[in-house]
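K.L.:
requesting a structural model of the entry that follows:
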Amino acid sequence: MAKKAKNDNPVYKIVEVVGSSPTSFEDAARAAVEAAAKTLRDLRVAEITKLDMKIDNGKVVAYRARVSMSFKYED
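P.N.:
Below is the predicted model:
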């Protein structure tokens, strides 16, 4: 019987991060991923789970994106 390699059955952790941008949802999502990438290694998948806007005096002042990201646990 062949011996399994350590990462034949990888395990992933999921975190949620909220990014914000004064210009677009896309920039807000990108900001969330880039911020998470500074402290988490081997990010695999990002999913935008919620979009909302901050409003001040009837004007949109910020676009926000809640992003779920997964990264692989290391052995």
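K.L.:
what helix or strand is residue 50 on?
P.N.:
strand 43-56 (DSSP states H and E).
K.L.:
how distant is that strand from the center of its chain?
P.N.:
8 Å (C-alpha atoms, centre = their mean, to the nearest Å).
K.L.:
what packs against the helix or strand following that strand?
P.N.:
Next in sequence after strand 43-56, counting helices and strands by DSSP H and E, comes strand 59-72. If you count contacts as 3 or more C-beta pairs under 8 Å, 6 or more residues apart in numbering; DSSP states H and E, strand 59-72 packs onto strand 12-21, helix 25-37, strand 43-56. The way it works is simple: take the backbone N, C-alpha and C, and place the C-beta from them, glycine included.
K.L.:
just these: most buried one?
P.N.:
helix 25-37 (a mean of 17; mean count of other C-beta atoms under 10 Å).
K.L.:
so which elements touch that one?
P.N.:
Using 3+ C-beta pairs under 8 Å, 6+ apart: helix 25-37 touches strand 12-21, strand 43-56, strand 59-72.
K.L.:
quickly run through the sheet partners of the second one, with directions.
P.N.:
What that stands for is strand 43-56. strand 59-72 (antiparallel) (DSSP bridges).
K.L.:
so which bits of the partner strand are buried?
P.N.:
63, 64, 65, 66, 67, 69, 71 (16 or more other C-beta atoms under 10 Å).
K.L.:
switch those over to JSON lines; also include distance to residue 15 and pLDDT.
P.N.:
Output for the buried residues of strand 59-72, formatted as JSON lines (distance: C-beta to C-beta, whole Å; pLDDT from 0 to 100):
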{"residue": "63", "distance to residue 15": "21", "pLDDT": "98"}
{"residue": "64", "distance to residue 15": "16", "pLDDT": "98"}
{"residue": "65", "distance to residue 15": "14", "pLDDT": "98"}
{"residue": "66", "distance to residue 15": "11", "pLDDT": "98"}
{"residue": "67", "distance to residue 15": "9", "pLDDT": "98"}
{"residue": "69", "distance to residue 15": "6", "pLDDT": "96"}
{"residue": "71", "distance to residue 15": "8", "pLDDT": "89"}
